[in-house]
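model this:
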Amino acid sequence: MASFEVLVTHSYLDQPGLGLLEDAGCRVQFLSADGGRAEMERRLAETAFDGVISRIIPINGAALDHCPSLRVISRAAAGYDNVDVPAATARGIVVLTAVGANAQSVAEYAIGLMLTVARNIARHNTAIQAGGWERFRLGLELRGRRLGLVGYGRIARGVARIALAMGMKVSAWSPNLDKAGDIAPVERVATLRELIAQSDVLSLHVPLNDRTRNMIGAEELALLGREAILVNTGRGGLVDEAALAEVLRAERIWGAGIDVLTAEPPAPDHPLLGLPNAILSPHVGAATTVARAATAETAARHLLDILLGRTPPADAVVNPAVLTRSAPPG
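Predicted structure coming up:
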């Protein structure tokens, strides 16, 4: 049995994933409970690791230089914005994500944020906890309203299924929507601006990159109506948060449910803090026992695909050019 050195950039990995690695003969190291970037870089320099299971700590080119033996970085998450993909690609390191593993959990959470904002659930709780009883505050019914999905991957498709069951109308826009085939009864929309203009609820489900950073800014927010809701369970940085705070403060839209912020945790002077129509949560859309176990297992399986010479799922590979370069000639 082959033996591989694997570093997990966290203090634990759920058993389904850890069990796969150990059964394959991997020697797995973890960071300490309070370990950060410095400890990660020291570990990379001390051991000739074959693979990394990446959790929260960013991995840049300088960190990769500490470990020239590294062949694969497998994210225990769906996103990959905390990995310097060009640096990994230049070093021949395959980067993969645990695509789909947490899709249902995040989809449910996105719907939960929609309901919380639409029905003022957080406001009612705050008022009652403070001794109030504000039955005069009316909410919005979501049935019959149009949900606009920015991006149409597995999470967005899960949101669409739930929303359709609730009686919502659903539209979607994505740069890659032409590859999705027939998506009925979800309606295709040709441009992002068209999607925003027709949406009562706008839900973001795209990765963060140079094209999507601040894709929802002041101009886009101005296209939303006064009873519109914005939900972001995608990535912090997709929304211009200062512009969003301005429209929320002026009550030019109904509210926003935000699970991801540009800087996490936010600074004490963050513009969204203290706004009653901004519902904030600490990047926990995927934080369920089922999703965490599935994500660990998927990340481990993808890592082993590379180390054992198997072909990983195409939609999990962030930089397929590395696989093309390393493939044996046909």
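
which helices and strands sit right next to the longest helix anywhere in the chain?
Secondary structure of the chain per DSSP state H: the longest helix is helix 289-307. If you count contacts as 3 or more CB pairs under 8 Å, 6 or more residues apart in numbering; DSSP states H and E, helix 289-307 packs onto helix 15-23, strand 51-54, strand 72-75, strand 94-96, helix 103-118. All C-beta atoms are positioned from the backbone trio N, CA, C, and that covers glycine.

Would you map the strands across the stretch 101-250 of the chain?
Remark: strands assigned in the stretch 101-250 of the chain by DSSP state E, counting those that start in this stretch are 146-150, 169-173, 187-188, 201-204, 229-232.

Let's have those strands in CSV, adding mean neighbour count.
CSV is the format used below for the strands of the stretch 101-250 of the chain (neighbours: other CB atoms under 10 Å):
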stretch, mean neighbour count
strand 146-150, 26
strand 169-173, 21
strand 187-188, 16
strand 201-204, 27
strand 229-232, 27
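
so which of those strands gets nearest Ile128?
Taking CB to CB, strand 229-232 is the member of the strands of the stretch 101-250 of the chain nearest to Ile128, at 22.4 Å.

Partner strands of the closest one and their direction?
With DSSP bridges as the test, strand 229-232 is paired with strand 201-204 (parallel), strand 255-258 (parallel).

Export these to CSV and append columns for distance to Arg146.
Below are those laid out as CSV (distance: least, CB to CB, whole Å):
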stretch, distance to Arg146
strand 201-204, 7
strand 255-258, 17
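
Outside of the following helix or strand past the longest helix of the chain itself, list whatever touches it.
Where DSSP states H and E defines the elements, the next helix or strand beyond helix 289-307 is helix 320-326. Among residues not part of helix 320-326, those counted as contacts by CB atoms under 8 Å, 6 or more residues apart in numbering are 88-89, 92-95, 314, 317.

rerun at 7 Å
89, 92-94, 317 (CB atoms under 7 Å, 6 or more residues apart in numbering).

For that helix, buried residues please.
By 16 or more other CB atoms under 10 Å, the buried positions in helix 320-326 come out as Val322.

export that helix as PDB, just CAs?
Extracted C-alpha coordinates of helix 320-326, given in PDB (Å, rounded to 0.1, in the frame of the first residue of the first chain):
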ATOM      1  CA  PRO A 320      -7.700  21.300 -15.200                       C
ATOM      2  CA  ALA A 321      -4.700  22.500 -17.200                       C
ATOM      3  CA  VAL A 322      -2.500  20.900 -14.600                       C
ATOM      4  CA  LEU A 323      -4.100  17.500 -15.200                       C
ATOM      5  CA  THR A 324      -3.700  18.000 -18.900                       C
ATOM      6  CA  ARG A 325       0.000  18.800 -18.600                       C
ATOM      7  CA  SER A 326       0.600  15.800 -16.300                       C
END
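
Could you list the low-pLDDT ranges of the protein?
For the chain, applying pLDDT under 70 flags the ranges 1-2, 325-330.

Next up, the contacts around the residue nearest the centre of it.
Centroid-nearest residue in the chain: Gly234, 4.4 Å away (criterion: CA atoms, centre = their mean). Taking CB under 7 Å, 6+ apart, we find Gly234 in contact with 151, 204-206, 260.

redo that, cut-off 6 Å
Neighbour list for Gly234: 204-206 [criterion: CB atoms under 6 Å, 6 or more residues apart in numbering].

and what of Arg71?
Contacts of Arg71 (CB under 6 Å, 6+ apart): Asp50.

Now do it against Leu113, distance only.
Arg71 sits 38 Å away from Leu113, taking CB to CB, to the nearest Å as the criterion.

likewise Ile93?
Taking CB to CB, one finds Ile93 at 35 Å from Leu113.

Looking at these two, which one has more neighbours?
Higher neighbour count among Ile93 and Leu113: Leu113, with 28 against 23, using other CB atoms under 10 Å.

Hmm, the more buried one is touching Val231, no?
Yes - using CB atoms under 6 Å, Leu113 is in contact with Val231, at 5.0 Å.

Show me the two of the contacts of helix 320-326 that sit farthest apart.
Distance extremes for the contacts of helix 320-326: the farthest pair is Gly92 and Val317 at 13.5 Å, using CB to CB.
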